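Chemist: coords below, sequence missing:
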């Protein structure tokens with residue numbers, strides 16, 4: 001039930017985000033200063049923000065950004081960490097020591113200050129255009145994946161070592177099965193469940209991290225909508241229009257809860 005509940009939450013968010021351009025006929029980026037902080041109505045279901053923009057449509061556009069960053073960062077971390085962990089377990093020796101010491105070094109670093117510093121770098125320094133949502137999504141997802149692969153690598157290595165030591169892997173090697181076939185047919189299928197659980201949790205963690213960076217003004221740059229910068233814009237009016245801050249916070253809560261439910265369902 002948890003798996004289906006989590007998939008329903010995330011699937012519903014993704015579907016609404018994809019349908020956002022055709023909903024309600026409003027432009028989520030067009031200010032209407034005569035309609036600032038309007039209460040929920042039949043025209044604006046969740047009201048309007050400090051510039052008179054429709055909150056619901058901006059939430060849905062923000063879902064595109066937050067889900068894209070979360071999924072992109074988690075998949076990159078899965079690819080790099082999974083390959084690194086399996087390689088370390090299979091090769092052993094110096095290769096294992098180098099990969100694991102690199103992972104330990106990254107784990108020893110203070111992640112949040114480094115994320116803030118890296119996010120504050122000028123995108124033009126790495127050849128990305130400034131102020132474009134797509135470039136910001138790629139930049140933030142890459143930064144998060146640069147730290148997120150470590151946990152996946154350690155998990156993949158531990159699971160791969162356990163599988164490689166099993167009797168069926170020893171029997172396969174005794175029968176002359178190639179190392180590539182051994183890894184592809186016998187090791188990797190055994191890693192699907194633990195890595196899927198880790199990826200689901202990583203999506204939730206990346207959504208939280210992106211929201212925090214955007215709240216600090218270092219993530220997705222306005223006028224593009226993200227849940228983090230919507231919270232940042234609403235903080236000055238939290239006593240005037242508290243609902244404007246409530247909705248993006250609730251969206252973050254639901255997305256992360258959905259990821260946790262999916263992870264728990266896969267684990268079970």
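Modeler: Cool, the structure landed. Note that the structure is a prediction, hence the values are computed from the model and not measured. Residues are numbered from 1 along each chain as shown.
Chemist: all helices of this protein, in order?
Modeler: For the chain, the helices identified by DSSP state H occupy 2-19, 55-91, 93-108, 111-120, 133-164, 167-174, 179-181, 188-215, 227-234, 242-267, in order along the chain.
Chemist: and of those, who's closest to residue 45?
Modeler: Each of those was scored for nearness to residue 45 using C-beta to C-beta, and the closest is helix 55-91 (5.0 Å). Placement of C-beta: from N, CA and C, glycine included.
Chemist: Can you mark which positions in the closest one are buried?
Modeler: For helix 55-91, a neighbour-count test (16 or more other C-beta atoms under 10 Å) marks 55-74, 76-78, 80-82, 84-90 as buried.
Chemist: How about stretch 29-42?
Modeler: Within stretch 29-42, the residues that count as buried by 16+ other C-beta under 10 Å are 32, 35-38.
Chemist: of all those residues, which two lie farthest apart?
Modeler: Maximum pairwise distance among the buried residues of stretch 29-42 (C-beta to C-beta): 11.1 Å, between 32 and 37.
Chemist: I'd assumed residue 265 was in contact with residue 10.
Modeler: No - counting by C-beta atoms under 8 Å, residue 10 sits too far from residue 265 to count as a contact (11.7 Å).
Chemist: Could I get the pLDDT score of the nearest residue to residue 18 once chain neighbours are set aside?
Modeler: For residue 18, the nearest residue in space outside its immediate sequence neighbours is residue 64; the separation is 7.8 Å by C-beta to C-beta, 6 or more residues apart in numbering. Here, the pLDDT recorded for residue 64 equals 88.
Chemist: ok, residue 64 - contacts?
Modeler: Contacts were defined as C-beta atoms under 8 Å, 6 or more residues apart in numbering; by that measure residue 64 touches 17-18, 20.
Chemist: so what's the most centrally placed residue in the chain up against?
Modeler: When the chain is reduced to its mean C-alpha position, the closest residue under C-alpha atoms, centre = their mean turns out to be residue 70, at 1.5 Å. Residues touching residue 70, when contacts are defined by C-beta under 8 Å, 6+ apart, comprise 202-204, 206-207, 210, 255, 259.
Chemist: And for residue 191?
Modeler: Counting by C-beta under 8 Å, 6+ apart, residue 191 touches 82, 86, 156, 159-160, 163.
Chemist: Going by distance to residue 138, which of those wins?
Modeler: When those are compared for distance to residue 138 (C-beta to C-beta), residue 82 comes out closest, at 20.6 Å.
Chemist: The closest one and residue 71, how far apart?
Modeler: In this structure, residue 82 and residue 71 are separated by 16 Å, where distance is defined by C-beta to C-beta, to the nearest Å.
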